[in-house]
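Novice: No sequence on hand, only this structure:
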């Protein structure tokens with residue numbers, strides 16, 4: 001059995017290019033056990049996070065100890081998540097490893113939050129072509145001084161994508177250690193489209209050679225379609241869903257991060273973090289990461 005964090009799956013994929021089967025680990029350094037020609041159908045056992053290839057760190061485990069890179073495959077039959085030890089072992093009672101914030105959330109001490117167990121902050125940077133969060137810069141300094149990982153998210157709108165990307169990059173100023181996320185959520189009268197999601201992600205990749213994490217909830221199902229699109233497998237999913245057992249949009253095999261509560265909603269679990277009181281009602285977005293702090297650090301800005 002793999003020693004890497006994984007989500008058990010049932011299903012099959014078809015190779016779209018010549019692909020190497022790696023022995024021992026989902027890594028480009030692992031020995032090649034076999035090569036598969038394009039058009040080969042392979043049964044998959046699990047989705048695994050491994051080496052990032054062209055900005056995509058998703059791999060499939062296809063036997064007890066062999067792996068193929070997910071970016072070289074398309075779905076032959078949509079994989080289904082099976083009951084997994086990972087799901088059964090989820091503990092939401094601990095201080096979450098990741099919190100997401102915006103200017104409306106109060107922060108009194110990132111150091112206190114770090115000491116309590118927090119590992120990372122994803123902060124709103126921009127909205128559309130001109131919106132900018134005025135707490136972003138100071139909190140970035142304070143969070144990093146406290147030893148926390150830092151991420152920046154952009155709230156996408158219907159506005160010109162090139163101008164949105166410029167607004168984000170010029171204000172967020174992401175470095176090689178900054179996680180980048182696109183917030184795709186309901187925006188009445190100014191809704192980003194599915195094509196806008198792709199255009200934004202592709203533009204970020206062209207600039208930084210890293211693919212943004214995509215954040216969303218039911219809108220992902222409503223706007224991205226019901227036909228599996230391999231484009232999205234290249235992007236980690238940050239799923240917002242306040243049920244005890246989150247279900248995935250068809251385009252993803254697993255979530256990378258799960259926003260399980262916005263404060264008042266969600267399953268029983270930790271909803272407060274020392275040093276971060278949250279908004280005026282005391283509500284706070286808390287996120288579950290299915291791995292260790294070391295795993296999070298290794299995958300953060302990949």
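Specialist: Alright, I've got the coordinates. Keep in mind that what you see is a predicted model, and the values were worked out from it rather than measured.

Novice: mind listing the helices in the stretch 151-300 of the chain by residue range?
Specialist: 161-172, 194-208, 218-223, 293-299 (DSSP state H, counting those that start in this stretch).

Novice: Residue 182 and residue 143, how far apart?
Specialist: Residue 182 sits 20 Å away from residue 143 when distances are taken as C-beta to C-beta, to the nearest Å. Yep, even glycine has a C-beta here, placed from its N, CA and C like the rest.

Novice: quick revisit: mean neighbour count, the helices of the stretch 151-300 of the chain: which tops it?
Specialist: helix 161-172 (a mean of 19; mean count of other C-beta atoms under 10 Å).

Novice: among the helices of the stretch 151-300 of the chain, which is nearest residue 234?
Specialist: helix 194-208 (8.2 Å; C-beta to C-beta).

Novice: For the helices of the stretch 151-300 of the chain, please prepare TSV with the additional fields mean pLDDT and distance to residue 73.
Specialist: Converted to TSV, the helices of the stretch 151-300 of the chain look like this (pLDDT from 0 to 100; distance: least, C-beta to C-beta, whole Å):
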stretch	mean pLDDT	distance to residue 73
helix 161-172	99	28
helix 194-208	98	19
helix 218-223	90	21
helix 293-299	94	20
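
Novice: Residue 235: which of those is closest?
Specialist: Closest among these, using C-beta to C-beta: helix 194-208, at 6.1 Å.

Novice: got the angle between the closest one and helix 161-172?
Specialist: 50 degrees (axes from the mean of the first three to the mean of the last three C-alpha atoms, to 10 degrees).

Novice: list the helices and strands helix 194-208 packs on?
Specialist: Helices and strands touching helix 194-208, as assessed by 3 or more C-beta pairs under 8 Å, 6 or more residues apart in numbering; DSSP states H and E, comprise helix 161-172, strand 179-183.

Novice: could these go into a markdown table alongside distance to residue 292?
Specialist: Shown next, in a markdown table, are the helices and strands packed on helix 194-208 (distance: least, C-beta to C-beta, whole Å):
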| stretch | distance to residue 292 |
| --- | --- |
| helix 161-172 | 27 |
| strand 179-183 | 17 |
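
Novice: out of those, which comes closest to residue 242?
Specialist: strand 179-183 (16.4 Å).

Novice: For residue 285, which of the helices and strands packed on helix 194-208 is the nearest?
Specialist: Per C-beta to C-beta, nearest to residue 285 of those: strand 179-183, 11.2 Å.

Novice: So what are the sheet partners of that closest one and their directions?
Specialist: Strand 179-183 sits in its sheet next to strand 149-155 (parallel), strand 213-216 (parallel), going by DSSP bridges.

Novice: what residues does the last one touch?
Specialist: When contacts are defined by C-beta atoms under 8 Å, 6 or more residues apart in numbering, strand 213-216 is touched by residues 151, 153, 179-185, 197, 201, 220, 232, 235-240, 249, 256-257, 259.

Novice: Going through these, which ones are buried?
Specialist: Among the contacts of strand 213-216, those classed as buried by 16 or more other C-beta atoms under 10 Å are 151, 153, 179-184, 197, 201, 220, 232, 235-240, 249, 256-257, 259.

Novice: for residue 37, what are its contacts?
Specialist: Contacts of residue 37 by C-beta under 8 Å, 6+ apart are 15, 18.

Novice: at 7 Å what do you get?
Specialist: Contacts for residue 37 (C-beta atoms under 7 Å, 6 or more residues apart in numbering) come out as residue 18.
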